[in-house]
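Undergrad: Give me a 3D structure for the following:
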Amino acid sequence: MGQSVGPNSVRPWTRATGPYILFTAREQVAEETLLELAKQRGKDVSIYLFGQEVNPETYAITRADLLIKGEGGSVENMAYGSSLSADNFPSHEFDFMLSNPPYGKSWKTDLERMGGKGDIRDPRFVIEHGGDSESRSSDGQLMFLANLVSKMKHTTELGSRVAEVHNGSSLFTGDAGQGESNIRRWIIETDRLEAIIALPLNMFYNTGIATYIGVLSNKKPEHRQGKVQLIDSTEWFKPLRKNLGKKNCEFSEEDTKKICDTFLAFQETAQSKIFPNEAFGYWKIVVERPLRLKVDLSEPARARFRRACKPLGDGRLADLMDHLAATLGPGPHLNFNEFSTTLEREARAMQVSLPARLMKLIQVVLAAKDEAAAPVILKAHKPGKAVADPIHGRFDAKPAGNKSCIVEYEPDSELRDTKQVPLLEAGGIEAFFRREGLPYVPDAWIDEEATKIGYEISFTRYFYKPQPLRTLEQIRADIEALEKESEGLLGQILVETEDAQ
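TA: From the prediction side, this is the model:
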């Protein structure tokens, strides 16, 4: 790709690509291109090809082809087994790596061999950003990519370059804090992702879905550092004269050159977009709203409560509710905090124990949600121990007529919501929330501990081309044409009916 050739030996590595793609990579890229670059710079290089394949038939064909072509010295570098759970090159590093892992194929068997979810200790898959370090057990594409990243060279001037073919799921599946998102975050925040190239549809024999090539490097040139290039090559292809399965197109030599030139130019065009790394990241925030309860001490409500207390074998709690109804009135009482304070005081006076399960019973049977009710206080801080911060759930209030103090309200799980805030949002989370949240739900706050960082890449967002709407004249012409067509059909039907009679 126009870089200088530094080392005297070059070690390409390929995984799950099949024998023909493997040899194409070796002969056309590893040998022809690298040797030509070395010749131009007056250097000699030796090329060593390595690979691993889990499919036994493909593995056998690969070794047979090597022997037939007189490449017996490379046969021992072809390993059999899963790259995930049976890595045959644990201490190796490579200059160039190519991979085409299976799309959507379960790697549950590999996961179990590696210790199971949450118990993976393989350093290839223990990433730096917390949360789950592995991908979903139903799709291991990003795990294969993490394996390649672990084999990059760090002690050479040029480092290593990786190219992996994958489908769209590895670009956006997985919520913030989950396996796929964590791996994307790790790769992008360590500035390894150079470019993603969107390929034309129907490029492969067994699938017509959208596919992409991810290009990674751990030694980016200075002008690419901190940036990612997205290339849309979906319109650059040559149709086949005859379909091969679902494959109906291919790259011509001109198309390949166009992609390479676009990559090397590193400029904004209609097919090339350049973004800072942070453009693909976001904060996932959890927005809470307070639980608001009213308490009903009417006679029917207390009758239901007495029935609910029967299995406990203690009628004193029901008697306590009757006493409160006589003291406070039947309600509804719109301040659950004041009701709770009175309840606890009267329970002590009547020597009635109120463990958490009984308080829950009271809340379930006698209380109901009401937007007009006061928020339920979860915690009241001692004076001087907390500072009011409504955006993060710490409010200045006067519970049950006491002096002003900082309180936290109990969240209502049914009103809980999540939002995605771009990492490049001016002013960050707080500015976003003040603009998009508080004007509509003034009592809402952000759960700080639940905030997570995620990464996703959406080609549609950046390359979507909306189709222009049809004009009224065009729509009217279509309707009139349909009317004329239907009139002629109706006349034909009547004529045929009369002839039949």
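Undergrad: got the phi/psi numbers for L378?
TA: Dihedral pair for L378: phi -90, psi -40, per degrees, to the nearest 10.
Undergrad: residue contacts, it?
TA: V407, E408, Y409, E410, P411 (Cβ atoms under 8 Å, 6 or more residues apart in numbering). (C-beta placed from N, C-alpha, C; glycine too.)
Undergrad: In this structure the last one contacts E288, no?
TA: Yes: when contacts are counted by Cβ atoms under 8 Å, P411 is listed as touching E288 (3.9 Å).
Undergrad: Overlap in contacts, these two.
TA: Joint contacts of P411 and E288 (Cβ under 8 Å, 6+ apart) are D447.
Undergrad: Check which helices and strands the helix or strand that contains D261 is in contact with.
TA: Element membership for D261, per DSSP states H and E: helix 253-265. Here helix 253-265 touches strand 193-198, strand 227-232, going by 3 or more Cβ pairs under 8 Å, 6 or more residues apart in numbering; DSSP states H and E.
Undergrad: tell me the mean pLDDT over it?
TA: Averaged over helix 253-265, pLDDT sits at 93.
Undergrad: Would you quantify the distance from the residue most central in space within the chain to I377?
TA: By Cα atoms, centre = their mean, the mean C-alpha position of the chain lies nearest to G174, the distance being 3.1 Å. Distance of G174 to I377, given as Cβ to Cβ, to the nearest Å: 37 Å.
Undergrad: just M321 next, same as before
TA: On the measure of Cβ to Cβ, M321 and I377 end up 21 Å apart.
Undergrad: Double-check K220 against D191; I have them as touching.
TA: Yes: assessed by Cβ under 8 Å, K220 is found in contact with D191 at 6.3 Å.
Undergrad: Find residues that contact each of these two.
TA: Common contact partners of K220 and D191 (Cβ under 8 Å, 6+ apart): none.
Undergrad: sorry, back to before: tell me the buried residues in the helix holding D261?
TA: Residues of helix 253-265 classed as buried: D255, K258, I259, T262, F263 (neighbour count, 16 or more other Cβ atoms under 10 Å).
Undergrad: repeat for stretch 163-181
TA: 163-174, 176-181.
Undergrad: And for stretch 93-111?
TA: Within stretch 93-111, the residues scored as buried using 16+ other Cβ under 10 Å are 93-103, 107, 110-111.
Undergrad: Can you give me the end-to-end span of that stretch?
TA: 24 Å (Cα to Cα, to the nearest Å).
Undergrad: tell me the mean pLDDT over that stretch?
TA: Stretch 93-111 comes out at a mean pLDDT of 83.
Undergrad: now stretch 151-162
TA: 90.
Undergrad: Among the contacts of L378, which one lies nearest to L148?
TA: P411 (42.6 Å; Cβ to Cβ).
Undergrad: who's in contact with the closest one?
TA: Taking Cβ under 8 Å, 6+ apart as the test, what P411 contacts is E288, R289, P290, L291, L378, D447.
Undergrad: For those residues, work out which two are farthest apart.
TA: Every pair of those checked by Cβ to Cβ; the farthest is L291 and D447, at 13.9 Å.
Undergrad: sorry, back to before: my guess is the residue nearest to the centre of the chain is in a helix, correct?
TA: No: secondary structure assignment places G174 outside any helix; it is coil (DSSP: H, G, I helix; E, B strand; the rest coil).
Undergrad: Between L291 and D447, which has more neighbouring residues?
TA: L291 (21 against 15; other Cβ atoms under 10 Å).
Undergrad: before we move on, back to that, by pLDDT, give me the weakest of the contacts of P411.
TA: Ranking these by pLDDT, L378 lands last with 89.
Undergrad: Now do the helices in the stretch 401-501 of the chain.
TA: 428-436, 459-463, 472-500 (DSSP state H, counting those that start in this stretch).
Undergrad: With distance to L148 and mean pLDDT as added columns, please give those in CSV.
TA: Converted to CSV, the helices of the stretch 401-501 of the chain look like this (distance: least, Cβ to Cβ, whole Å; pLDDT from 0 to 100):
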stretch, distance to L148, mean pLDDT
helix 428-436, 34, 94
helix 459-463, 22, 87
helix 472-500, 51, 77
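Undergrad: What's the local residue count around R302?
TA: Counted with other Cβ under 10 Å, R302 comes out at 19.
Undergrad: Could you identify the helix or strand that succeeds the least confident helix or strand in the chain by mean pLDDT?
TA: Lowest by mean pLDDT, DSSP states H and E among the helices and strands of the chain is helix 19-24, with a mean of 45. Counting by DSSP H and E, the next helix or strand C-terminal to helix 19-24 is helix 34-40.
Undergrad: Check which element follows that next one along the chain.
TA: strand 46-47.
Undergrad: counting contacts, what elements does that following strand pack onto?
TA: Using 3+ Cβ pairs under 8 Å, 6+ apart: strand 46-47 touches strand 9-10.
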